[in-house]
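>>> Sequence and predicted model, in that order:
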Amino acid sequence: MTAAEPTSAPTAEGVPAPVFRAAEVRDVPALVALVESAYRGESSRAGWTTEAHLLEGQRTDAAAVAELLERPDSVVLLVERDGALAACCHVERRGSAAYFGMFSVSPLIQGGGLGRQVLARAEEWARAAWGATAMEMTVIEQRADLIAWYERRGFARTGDFEPFPYGDERFGVPLRPDLRFVKLAKRLDRDGS
């Protein structure tokens, strides 16, 4: 599997097949808009992944997304339906594991199964491209619903936590003083399970 190779998967009748491909620099503005719409502001409240009750301000910006595209052993996978950006995620090699982040699905289509497909494709990418044996991520601890979604997909809490970067508005403006990240991990078996 190469970074530039677009692929699509079968889909339910009447729903356009998602096309997966590696993001390019020209995609940065659309990626920023998608991530912001999925997590911050009023538009995010149309979906269930909103963080608007925890944070105001930005989730990311063009410079941060462009930097992810430039990193070695890093890919931003995006998903298009009918030529429109529908979802994305960032996958980065970290030793024998891969880090999964910046996972966003357009709020208007959340809950339809596309998120599961994106996560599965990210796991497949990490195994095929880097031989990763585990997938890791961090989630804001107060997002119990999101953590439960990942747990249903084989992730488990590691017992490790990371502090929220209070005072750095590049990551948002916290609306409460107790935010922190919980680390989740999942073993990636070679057989794809």
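Sure thing, it's come through. Numbers count the residues shown, from 1 in each chain.

>>> show me what contacts the nearest residue to residue 94 once chain neighbours are set aside?
By the measure of C-beta to C-beta, 6 or more residues apart in numbering, the closest residue to residue 94 outside its immediate chain neighbours is residue 136, 7.1 Å from it. Just so you know, the C-beta spots here come from the backbone N, C-alpha and C atoms, and that holds for glycine as well. Contact analysis of residue 136 by C-beta atoms under 8 Å, 6 or more residues apart in numbering lists 94, 97-100, 158, 183-186.

>>> secondary structure element for the residue minimising distance to the centre of the chain?
Relative to the mean C-alpha position of the chain, the nearest C-alpha, by C-alpha atoms, centre = their mean, is the one of residue 103, at 1.4 Å. Residue 103 belongs to strand 97-105 when elements are defined using DSSP states H and E.

>>> does residue 161 really touch residue 179, like I thought?
No. Residue 161 is not in contact with residue 179 according to C-beta atoms under 8 Å; the separation is 10.7 Å.

>>> Quick check: neighbours shared by those two?
Common contact partners of residue 161 and residue 179 (C-beta under 8 Å, 6+ apart): residue 141.

>>> Those two: who's more crowded?
residue 179 (20 against 13; other C-beta atoms under 10 Å).

>>> Could I get the pLDDT score of the more buried one?
According to the prediction, residue 179 has pLDDT 97.

>>> next one: residue 41
In this prediction residue 41 is given a pLDDT of 82.
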